[in-house]
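Enquirer: missing the sequence, but the structure's below:
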């Protein structure tokens, strides 16, 4: 007779994390297209692959909850990538500027995850996934070879 609405705690957090993953993966792949040196390319491939793994994990959790996962990132992420393309017409890309941009992408990703974790609107399982993925992202280091040649802060900002 009546309609039953089921709500799983943490769905919104997972969907927002999934958007952040899609945005970050697309951004790292976009940077990969501009990277010329092997060290930077390997670093960006590693970042993109880790983010892809995060997405697969989140999609699996959402499907376990019988929730349709989002299929694309945010509008803001698309605008950021468009802005990078526009800047690319004017600014020459080198390893340090690419790493600087990757650092910005990672900071945005981590800030989103921190907001989701601090919001507290999730189950223990969702909390554990978010914290684990955030920790794994923090554990990935920037290439030492690039960082030791010049401070990232001394590069031309995008």
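Expert: Ah, there it is. Note that the structure is a prediction, hence the values are computed from the model and not measured.

Enquirer: Show me what counts as buried in the helix or strand harbouring residue 13.
Expert: Using DSSP states H and E, residue 13 sits in helix 11-34. Buried residues in helix 11-34, counting neighbours by 16 or more other CB atoms under 10 Å, are found at 11-32, 34. Just so you know, the C-beta spots here come from the backbone N, C-alpha and C atoms, and that holds for glycine as well.

Enquirer: for stretch 51-60, same thing?
Expert: Those would be 51-52, 54-55, 57-59, for stretch 51-60 by 16+ other CB under 10 Å.

Enquirer: pLDDT on that stretch, on average?
Expert: Across stretch 51-60, the average pLDDT comes to 95.

Enquirer: And stretch 123-140, by the same measure?
Expert: The average pLDDT within stretch 123-140 is 91.

Enquirer: For it, which outside residues touch it?
Expert: 8-10, 13-14, 17, 46-47, 50, 54, 57-58, 61, 106, 109-110, 113-114, 116-117, 122 (CB atoms under 8 Å, 6 or more residues apart in numbering).

Enquirer: Quick one: buried ones out of these?
Expert: For these, buried by 16+ other CB under 10 Å: 8, 10, 13-14, 17, 47, 50, 54, 57-58, 61, 106, 109-110, 113, 116-117, 122.

Enquirer: Point out where this protein drops to low pLDDT.
Expert: For the chain, the stretches with pLDDT under 70 are 1-9, 73-93, 142-158.

Enquirer: Scan it for its longest helix.
Expert: helix 38-64 (DSSP state H).

Enquirer: Report the inter-axis angle for that helix versus helix 11-34.
Expert: Put simply, helix 38-64 runs at 160 degrees to helix 11-34, going by axes from the mean of the first three to the mean of the last three CA atoms, to 10 degrees.
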